[in-house]
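Colleague: predicted model, plus sequence, below.
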Protein chains: 2
Amino acid sequence: MGDKDVNQFMCPLPHVEKDHITISHGSGGKQTKHLIQRIFYTYFSNPILEKGDDFADIPANFSKNKPRVITATDAHIVDPIFFPGGDIGRLAVAGTVNDVSMSGAIPKFITASFIIEEGFPIIDLDRIARSMAECALEADVQIIAGDTKVVEKGKSDKIFISTTGIGFLETGVSINGASAKPGDVVIMSGTIGDHGIAVLAARNDLGFRVEIQSDVNPLNELIQSIRKASKAIHVLRDPTRGGVATTLNEISEQSNVSIVLDELKLPIRKSVQAACDILGFDPLYVANEGKVLIIAPRCESNAILDALHTHPLGRQARQIGVVEKAKSTPNVLMKTTIGGTRIVDMLSGKMLPRIC
Amino acid sequence: MGDKDVNQFMCPLPHVEKDHITISHGSGGKQTKHLIQRIFYTYFSNPILEKGDDFADIPANFSKNKPRVITATDAHIVDPIFFPGGDIGRLAVAGTVNDVSMSGAIPKFITASFIIEEGFPIIDLDRIARSMAECALEADVQIIAGDTKVVEKGKSDKIFISTTGIGFLETGVSINGASAKPGDVVIMSGTIGDHGIAVLAARNDLGFRVEIQSDVNPLNELIQSIRKASKAIHVLRDPTRGGVATTLNEISEQSNVSIVLDELKLPIRKSVQAACDILGFDPLYVANEGKVLIIAPRCESNAILDALHTHPLGRQARQIGVVEKAKSTPNVLMKTTIGGTRIVDMLSGKMLPRIC
């Protein structure tokens, strides 16, 4: 109040009044990024937010508070709310547990807020809450605060759940999207695109039957085994909305490097690849909810892969690429099966709305 | 995973499959409480959640972490999104700042997740984000993490915002709904019902014009002045959804006391009272977004009122009641202007949907 003024740190926002929100603004790709930078970074400007990771690292020194508090937040609007391998409740807990875990932190607490449509069956809410509790138990986190709001029928779609995770991290750790270095390897903890295709199938958008389960899982235990195996991990990131391609593009920009993938090494289920082929999708853009990309020095590769392979969620882990010095601009490239190289761009426009 | 099982702490939920969510489940009154106990307390069972305050107090000893981390979360679905005195953005920041502050903590960080309807004007998002930033500046908090999701047109209503606040509190403080004691006084920091009536007026639900502004304001500065003035505060609570009546009923139950209000002392604007009279509302059930109820020993009353009166947000503060030993059951009573006493029950059913 008084002489404080938000204008002091604001840039002008030219032409902002001409546009409208589109589905692309929620895709997790370019338009999302543009919107966030244009609106939220402008107004909420602070160094913690602007790091661009999916978690917020509350500094240790702000009140001599150690270890560091790590928090992350996510809104979940997946359609349908129940799908093979999971549901919106499991997704809401696992998604936020995973975002916190990607800092290297151990997630401990979750808050959850529910926006429910009038007329929503309580048995479904029961099922969702149970699924959240089960997932919290798996992830060893407690759901410690919540809020429940109801809107009139037709003013929302069944149920939306926003979760915030809080975890703690020892000082001195620096795992984030800006830490990838030339010479590093890129490891994927398992198969690509399972969640997105499972949700599409449940939506009956495919026009054919596939037997694909979502991979939605809390990854904190897996991450802790990897961290025990190697003290030199540079980046951890779960390739959710926008898929592996978008996530690696974000990292290449944050770290100012090029990332070169090897198409032959990408772990993709035959059923997922077949569904993608028919639909004209590239699995690299399809969302995952129980996978992690690990970037670390080449010398750590075997130790990390060994740790992954001994965990149920990492059995199909593979090295899928390497980090190189950026040529003119940071980017993601792929050595194709036919021997060429192509640019793998960030997702642009809408691909799969309401996938998480 | 493995042998962990959510069933181990679950009670059976008889007849749960017969009911559906109604607007009453989001009213903040009895049905909300019932739903939360029936579903969320059952599944998310843990001592932090079950304390029943609007904030979650992360214990100091869980990892030798001092001071205590305090967090709170809220979904905001107010309709209309812009109203006299505020908007959904200001509400989202102030609401969560206030929930954290009610523990005595100093809120420091906010996370925000946005669910936006396709077609929502970016200029409105801009205005909302700006309003959030202004409120964060007033409250001296940083918005450090966020998420943005978009749903198809017609699948939500303009914009919903969920916020989570994180604050820190020195050890040894115990301000919560279970701490009211017979002999305490009940102080209200200002006029009752301004927010609810302002939102109703903006919705054109009144059928007549009133000049009422919402009181939506971050209260953390006010709370800190009160805490400087008195080290013996027992309860702080902001009477939002469900109003003063519902909030005091919650406290009477948590503390197992009776609370006796004096109708003559209730600070209510003439315009709010007039609107309530015409609509048949009791202002005690109308939501506030910038007021705090303070319960403290009688001997602290003058010090607290003096601190309130010197702050712009507390100028109209008054003692409105006293805490007594519960007779048969804890309850809230009111000495009426005509010399009688009536029971002031918790809000039941819907009164004002989408008020916050």
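Modeller: Structure's in. What do you need? Numbering: from 1, shown residues only, chains lettered A, B, ... in the order given.

Colleague: can you show me the helices along chain A?
Modeller: A:30-35, A:42-44, A:47-50, A:88-101, A:122-139, A:194-202, A:220-229, A:243-255, A:270-279, A:301-309 (DSSP state H).

Colleague: looking at the ones you listed, which is buried most?
Modeller: helix A:88-101 (a mean of 30; mean count of other C-beta atoms under 10 Å in any protein chain shown). (Each C-beta comes from the backbone N, C-alpha and C, glycine too.)

Colleague: from the chain's centre, how far out does it sit?
Modeller: 9 Å (C-alpha atoms, centre = their mean, to the nearest Å).

Colleague: elements contacting that helix?
Modeller: If contacts are counted by 3 or more C-beta pairs under 8 Å, 6 or more residues apart in numbering or on different chains; DSSP states H and E, helix A:88-101 sits against strand A:68-76, strand A:106-117, helix A:122-139, strand A:159-169, helix A:220-229.

Colleague: mind putting those in a markdown table, mean pLDDT and distance to residue B:155 included?
Modeller: Listed next are the helices and strands packed on helix A:88-101 as a markdown table, based on pLDDT from 0 to 100; distance: least, C-beta to C-beta, whole Å:
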| stretch | mean pLDDT | distance to residue B:155 |
| --- | --- | --- |
| strand A:68-76 | 89 | 13 |
| strand A:106-117 | 91 | 10 |
| helix A:122-139 | 91 | 17 |
| strand A:159-169 | 93 | 10 |
| helix A:220-229 | 97 | 32 |
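
Colleague: can you redo those as JSON lines with distance to residue B:72?
Modeller: Below are the helices and strands packed on helix A:88-101 laid out as JSON lines (distance: least, C-beta to C-beta, whole Å):
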{"stretch": "strand A:68-76", "distance to residue B:72": "13"}
{"stretch": "strand A:106-117", "distance to residue B:72": "7"}
{"stretch": "helix A:122-139", "distance to residue B:72": "18"}
{"stretch": "strand A:159-169", "distance to residue B:72": "10"}
{"stretch": "helix A:220-229", "distance to residue B:72": "23"}
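
Colleague: CSV for these, including distance to chain B?
Modeller: Putting the helices and strands packed on helix A:88-101 into CSV (distance: least, C-beta to the nearest C-beta, whole Å) gives the following:
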stretch, distance to chain B
strand A:68-76, 4
strand A:106-117, 4
helix A:122-139, 4
strand A:159-169, 3
helix A:220-229, 8
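
Colleague: straight-line length of stretch A:133-153, end to end?
Modeller: Terminal residues of stretch A:133-153 lie 27 Å apart, using C-alpha to C-alpha, to the nearest Å.

Colleague: who does residue A:261 bridge with?
Modeller: With DSSP bridges as the criterion, residue A:261 is bridged to residue A:321, residue A:334.

Colleague: that one and residue A:331 touch, don't they?
Modeller: No - applying C-beta atoms under 8 Å, one finds residue A:261 not in contact with residue A:331, separated by 11.3 Å.

Colleague: so those two - more neighbours on which side?
Modeller: Each of residue A:261 and residue A:331 has its neighbours counted (other C-beta atoms under 10 Å in any protein chain shown); residue A:261 has more, 24 against 19.

Colleague: mutual contacts of residue A:261 and residue A:331, please.
Modeller: residue A:344 (C-beta atoms under 8 Å, 6 or more residues apart in numbering or on different chains).

Colleague: which residues touch residue A:329?
Modeller: Not one residue lies near residue A:329 by C-beta under 8 Å, 6+ apart.

Colleague: distance check, it against residue A:256.
Modeller: Taking C-beta to C-beta, to the nearest Å as the measure, residue A:329 falls 9 Å from residue A:256.

Colleague: and the residue nearest the centre of chain A, what does it touch?
Modeller: Geometric centre of chain A, nearest residue: residue A:240, 3.8 Å, by C-alpha atoms, centre = their mean. Residue A:240 sits next to A:28, A:95, A:98, A:195, A:247, A:287-289, A:356 when contact means C-beta under 8 Å, 6+ apart.

Colleague: may I see these arranged in CSV, with pLDDT as well?
Modeller: Formatted as CSV, those follow (pLDDT from 0 to 100):
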residue, pLDDT
A:28, 60
A:95, 96
A:98, 96
A:195, 97
A:247, 92
A:287, 94
A:288, 96
A:289, 97
A:356, 89
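
Colleague: and which of those is nearest residue A:185?
Modeller: residue A:247 (15.8 Å; C-beta to C-beta).

Colleague: low-confidence ranges, chain A, go.
Modeller: In the predicted model, chain A carries pLDDT under 70 at residues A:1-18, A:23-24, A:26-30, A:32-33, A:40, A:44-46, A:48-67, A:205, A:349-351.

Colleague: domains of it: list them as residue ranges, please.
Modeller: Split into domains by automatic domain parsing, chain A comes to A:23-169, A:184-343.

Colleague: can you name the residue of the stretch 251-356 of chain A nearest chain B?
Modeller: residue A:354 (6.3 Å; C-beta to the nearest C-beta).

Colleague: quick check: that residue touching residue B:151?
Modeller: Yes - here residue A:354 reaches residue B:151: they are 6.3 Å apart, a contact under C-beta under 8 Å.

Colleague: which residues are in contact with both of those two?
Modeller: Contact criterion C-beta under 8 Å, 6+ apart; residues shared by residue A:354 and residue B:151: residue A:77.

Colleague: is stretch A:297-313 anywhere near chain B?
Modeller: Yes - judged by C-beta under 8 Å from any C-beta of the partner chain, stretch A:297-313 comes into contact with chain B at residue A:312.

Colleague: give me the contact list for that stretch.
Modeller: A:181, A:183-185, A:187, A:189-190, A:217, A:219, A:221-222, A:225-226, A:228-230, A:232-234, A:290, A:294, A:296, A:314-315, A:317-319, A:322, B:1.

Colleague: excluding chain neighbours, what is closest to residue A:243?
Modeller: Excluding the flanking residues, the one nearest residue A:243 by C-beta to C-beta, 6 or more residues apart in numbering or on different chains is residue A:285, at 4.2 Å.

Colleague: what do you get for residue A:324?
Modeller: Excluding its sequence neighbours, the residue lying closest to residue A:324 (C-beta to C-beta, 6+ apart) is residue A:258, at 4.6 Å.
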